[in-house]
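A.B. asks: Build me a model from this:
(chains A and B)
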Number of protein chains: 2
Amino acid sequence: MDCNNFLNDEDILKDQDRIQPFINAITRNKHLFKDKVILDLNAGLGLIPILLIRSGAKHVYAMKSHDHANKILESNQINNVTLHKKAIKEVELDCKVDIIISAWMGNMLFYRGNIQELIQARDKYLNQDGLVLPDKGQLYLQSIEDGEYRDQKLTFWDSVYGVNMKWMKQWIKHEPLLESIRKDQLNSDPVLIYEVDLMKCTFEDLSFSNSYQVQINRQDFVTGVIIWMKYSFTFTHLPINVIMGPTKSPFWKPVIFYFNDEIPASKGEKLKGSFAIKFVQDDLILIKLSAHTKQYHQIQSFRLN
Amino acid sequence: MDCNNFLNDEDILKDQDRIQPFINAITRNKHLFKDKVILDLNAGLGLIPILLIRSGAKHVYAMKSHDHANKILESNQINNVTLHKKAIKEVELDCKVDIIISAWMGNMLFYRGNIQELIQARDKYLNQDGLVLPDKGQLYLQSIEDGEYRDQKLTFWDSVYGVNMKWMKQWIKHEPLLESIRKDQLNSDPVLIYEVDLMKCTFEDLSFSNSYQVQINRQDFVTGVIIWMKYSFTFTHLPINVIMGPTKSPFWKPVIFYFNDEIPASKGEKLKGSFAIKFVQDDLILIKLSAHTKQYHQIQSFRLN
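C.D. replies: So this is what the prediction gives:
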């Protein structure tokens, strides 16, 4: 028994934030699944395939399945599931499917997720009128005042057990942080900066450059911005929206981008700029962020890998 | 900048439990390091090499060094350190060394540590009168009553979002847990079950079968045993002993082994048995545990990988 995989299975299943939206999409929307052939890109112990069959699916192709998934299917009297331990790209299916279900999202939608895999599987196997679940993703930007924490992180390198590691300070400024923040550290409302439709997006659509504008809601400094995400099942009877917000710390954490210098801003002042992502692959994303007020200007590059 | 490596560097440096013993060994024992040639198997950002040079070392060969270590050495005016980004086994040194320093330990001493690497480097590069730091490791066994938590973990699989996953229960019984427990869950004193001397141990010494005996200190059930470790610098002016005990949850967690069935025991009753490890490699360890009271007998196999 692989002790750590095993613990992961249990932890993933217990993580309601991650799993409950999928459960709801399946068990409360039987009309979507009745007599359908479905591809589950990450089946694990078989929970999702079993629930899909119980909701009326004709057949489920279950990728990345766990060693024990067959026994679990058996003890639940499920036999119309084809298990594959490998990922979809290493397998050749001999038919098209009506639905693809996948937890394709990562931090900030794309980072360390499986969106490339989903796009490839969709283009190869999904029927023309087929569905992807979940099917929409959105990114939101909000400005933050996080100076104390940022200073702590920078000051740490001044003397590490007596050794001067100040050299590291320049890097922290180019390094996004995967971290939640406190509500009182937000100093603007969120704005939508990006939307993706998994039903039709191409690999190229994952790279973009969009402008934004937020209004600072108090006399404050802006130390950077936080990017958080929302993803949705829009084909369900009631839309299921999952918000992985700035102050919540679930599996997919938001991402903080610090400016080189804090920007002083008055209450009501506008902060404008652009946010650009170059998606290289699931675990390498390049980011360019600009921010301007009347008097201050910042342009900066970051790298998530 | 690799965001996640970077965070790891900071986290490792901030983890006093892990790093302070090494700092103390170096900065309070300059007599050990004066004019010595030293091999650091895991140099990271260069903290240990810099402290070694400051403590009088003639030269340090620093393996697995971070991209920015050279800049940090420079800004500390250190020039007698040779940085290698690779591990020692991928590098050929052209001299022997007087001291090898390495955080070779993992959970339960061996699991996910670097003890194989240390033994190989020692046999190849250490001078005859050279030192290994830290140089000793010990394992301790204590009996535990942890029934409620164990039951919770087992019951979970009865119905996972309505799906029967009872099949998984049999595996949890063969699966050691990397976890701390509460003090009140211990029901015996600890006993030493294994000792290793890094100055002379062979690869074969990492596998062993030793008997143990503990006295149950209250009328109770014994649900299993917990194994925790101690490692020591014994060449320092004052010995430095680092105890990664059963109730402390630092980086190297203790390991819990559950019996198939709980063993009822009276206050003062003896629990005897044997604990055997077959060390296959740093990330694969096979364990055999037996436990006996007058009336009850348990023998069980486990696997850490």
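
A.B. asks: going forward, measure contacts and count neighbours with C-alpha atoms only.
C.D. replies: Fine.

A.B. asks: So chain A: which segments form each domain?
C.D. replies: Annotated domains of chain A cover A:6-101, A:137-304 [automatic domain parsing].

A.B. asks: would you list these in a markdown table and tack on mean pLDDT and mean neighbour count?
C.D. replies: Formatted as a markdown table, the domains of chain A follow (pLDDT from 0 to 100; neighbours: other C-alpha atoms under 10 Å in any protein chain shown):
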| stretch | mean pLDDT | mean neighbour count |
| --- | --- | --- |
| domain A:6-101 | 93 | 18 |
| domain A:137-304 | 93 | 18 |
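
A.B. asks: could these be laid out in JSON lines, adding distance to chain B?
C.D. replies: Formatted as JSON lines, these follow (distance: least, C-alpha to the nearest C-alpha, whole Å):
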{"stretch": "domain A:6-101", "distance to chain B": "6"}
{"stretch": "domain A:137-304", "distance to chain B": "6"}
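
A.B. asks: Adding distance to residue B:193, write the ones you listed out as CSV.
C.D. replies: As requested, the domains of chain A are exported to CSV (distance: least, C-alpha to C-alpha, whole Å):
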stretch, distance to residue B:193
domain A:6-101, 27
domain A:137-304, 35
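
A.B. asks: Any idea which of the ones you listed gets closest to residue B:176?
C.D. replies: With C-alpha to C-alpha, the closest approach to residue B:176 among those belongs to domain A:6-101: 10.3 Å.

A.B. asks: what sits against residue A:238?
C.D. replies: Residue A:238 sits next to no residue when contact means C-alpha atoms under 8 Å, 6 or more residues apart in numbering or on different chains.

A.B. asks: Would you confirm that it belongs to a helix?
C.D. replies: No: when DSSP: H, G, I helix; E, B strand; the rest coil is applied, residue A:238 is found to be coil, with no helix at that position.

A.B. asks: For it, what are phi and psi?
C.D. replies: Torsion angles at residue A:238 (phi, psi; degrees, to the nearest 10) stand at phi -110, psi 130.

A.B. asks: Could you do residue A:166 as well?
C.D. replies: Residue A:166 adopts backbone torsions of phi -60, psi -30, taken as degrees, to the nearest 10.

A.B. asks: The one 3 residues further on now?
C.D. replies: Listed backbone geometry of residue A:169 is phi -60, psi -40, with angles given as degrees, to the nearest 10.

A.B. asks: ok, for it, nearest residue in space, not its chain neighbours?
C.D. replies: Nearest residue to residue A:169, sequence neighbours excluded (C-alpha to C-alpha, 6 or more residues apart in numbering or on different chains): residue A:154, at 5.7 Å.

A.B. asks: in a strand, that's where the one you found is, yeah?
C.D. replies: No: assigned with three-state DSSP, residue A:154 falls outside any strand and is helix.

A.B. asks: Tell me the spacing between it and residue B:10.
C.D. replies: For residue A:154, the distance to residue B:10 (C-alpha to C-alpha, to the nearest Å) stands at 11 Å.

A.B. asks: Could you do residue A:13 as well?
C.D. replies: Distance, residue A:13 to residue B:10, using C-alpha to C-alpha: 30 Å.

A.B. asks: swap in residue A:149?
C.D. replies: 14 Å.

A.B. asks: One more: residue A:255?
C.D. replies: 18 Å.

A.B. asks: show me where the stretch 201-305 of chain A has strands.
C.D. replies: Taking DSSP state E, counting those that start in this stretch, the strands of the stretch 201-305 of chain A run over residues A:208-215, A:220-233, A:240-244, A:255-265, A:270-281, A:284-292, A:297-304.

A.B. asks: Same list, those strands, but as JSON lines with distance to residue A:70 please.
C.D. replies: Formatted as JSON lines, those follow (distance: least, C-alpha to C-alpha, whole Å):
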{"stretch": "strand A:208-215", "distance to residue A:70": "42"}
{"stretch": "strand A:220-233", "distance to residue A:70": "28"}
{"stretch": "strand A:240-244", "distance to residue A:70": "30"}
{"stretch": "strand A:255-265", "distance to residue A:70": "38"}
{"stretch": "strand A:270-281", "distance to residue A:70": "32"}
{"stretch": "strand A:284-292", "distance to residue A:70": "35"}
{"stretch": "strand A:297-304", "distance to residue A:70": "37"}
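
A.B. asks: what about the ones you listed, which gets the closest to residue A:184?
C.D. replies: Across these, residue A:184 has its closest neighbour in strand A:220-233 (11.7 Å, C-alpha to C-alpha).

A.B. asks: Parallel or antiparallel, list what pairs with the closest one.
C.D. replies: Here strand A:220-233 is paired, per DSSP bridges, with strand A:136-144 (antiparallel), strand A:240-244 (antiparallel), strand A:255-265 (antiparallel).

A.B. asks: closest to residue B:260 out of those strands?
C.D. replies: The nearest among the strands paired with strand A:220-233, by C-alpha to C-alpha, is strand A:240-244 at 40.7 Å.

A.B. asks: Check what contacts the closest one and list those residues.
C.D. replies: Residues from elsewhere that reach strand A:240-244, judged by C-alpha under 8 Å, 6+ apart: A:21, A:25, A:228-234, A:250, A:252-254.

A.B. asks: Now for those residues: which two are most distant?
C.D. replies: A:25 and A:254 (23.8 Å).

A.B. asks: rewinding a little: may I see the strands paired with strand A:220-233 organised as TSV, with distance to residue B:86 added?
C.D. replies: What follows is the strands paired with strand A:220-233, written out as TSV (distance: least, C-alpha to C-alpha, whole Å):
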stretch	distance to residue B:86
strand A:136-144	39
strand A:240-244	38
strand A:255-265	31
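
A.B. asks: Which one of these lies nearest to residue A:198?
C.D. replies: That would be, of the strands paired with strand A:220-233 and by C-alpha to C-alpha, strand A:136-144, which comes in at 5.8 Å.

A.B. asks: can you give me phi and psi for residue A:31?
C.D. replies: phi -60, psi -30.

A.B. asks: Ok, residue A:151 next?
C.D. replies: Note on residue A:151: backbone dihedrals following degrees, to the nearest 10 are phi -60, psi -40.

A.B. asks: got the CA positions of stretch A:223-236 in PDB?
C.D. replies: Extracted in PDB, the C-alpha atoms of stretch A:223-236 (Å, rounded to 0.1, in the frame of the first residue of the first chain):
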ATOM      1  CA  THR A 223       1.400  47.100  -2.300                       C
ATOM      2  CA  GLY A 224       0.100  44.900  -5.100                       C
ATOM      3  CA  VAL A 225      -2.800  43.000  -6.500                       C
ATOM      4  CA  ILE A 226      -4.300  39.600  -5.700                       C
ATOM      5  CA  ILE A 227      -5.800  37.400  -8.500                       C
ATOM      6  CA  TRP A 228      -8.400  34.900  -7.600                       C
ATOM      7  CA  MET A 229     -10.700  32.600  -9.600                       C
ATOM      8  CA  LYS A 230     -14.200  31.400 -10.100                       C
ATOM      9  CA  TYR A 231     -15.200  28.400 -12.100                       C
ATOM     10  CA  SER A 232     -18.700  27.300 -13.100                       C
ATOM     11  CA  PHE A 233     -20.900  24.500 -14.300                       C
ATOM     12  CA  THR A 234     -23.400  26.500 -16.400                       C
ATOM     13  CA  PHE A 235     -25.200  23.500 -18.000                       C
ATOM     14  CA  THR A 236     -26.700  22.400 -14.700                       C
END
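
A.B. asks: ok, and what's touching that stretch?
C.D. replies: Counting by C-alpha under 8 Å, 6+ apart, A:25, A:29, A:32, A:107-109, A:133-147, A:239-246, A:253-259, A:261-263 sit against stretch A:223-236.

A.B. asks: try stretch A:255-271
C.D. replies: Contacts for stretch A:255-271 (C-alpha under 8 Å, 6+ apart): A:107-108, A:147, A:173-180, A:213-228, A:291-293, A:296, A:298, A:300, A:302.

A.B. asks: List the contacts of the nearest residue to residue A:190 once chain neighbours are set aside.
C.D. replies: Nearest residue to residue A:190, sequence neighbours excluded (C-alpha to C-alpha, 6+ apart): residue A:142, at 4.6 Å. Applying C-alpha under 8 Å, 6+ apart, we find residue A:142 in contact with A:186, A:187, A:188, A:189, A:190, A:191, A:214, A:225, A:226, A:227.
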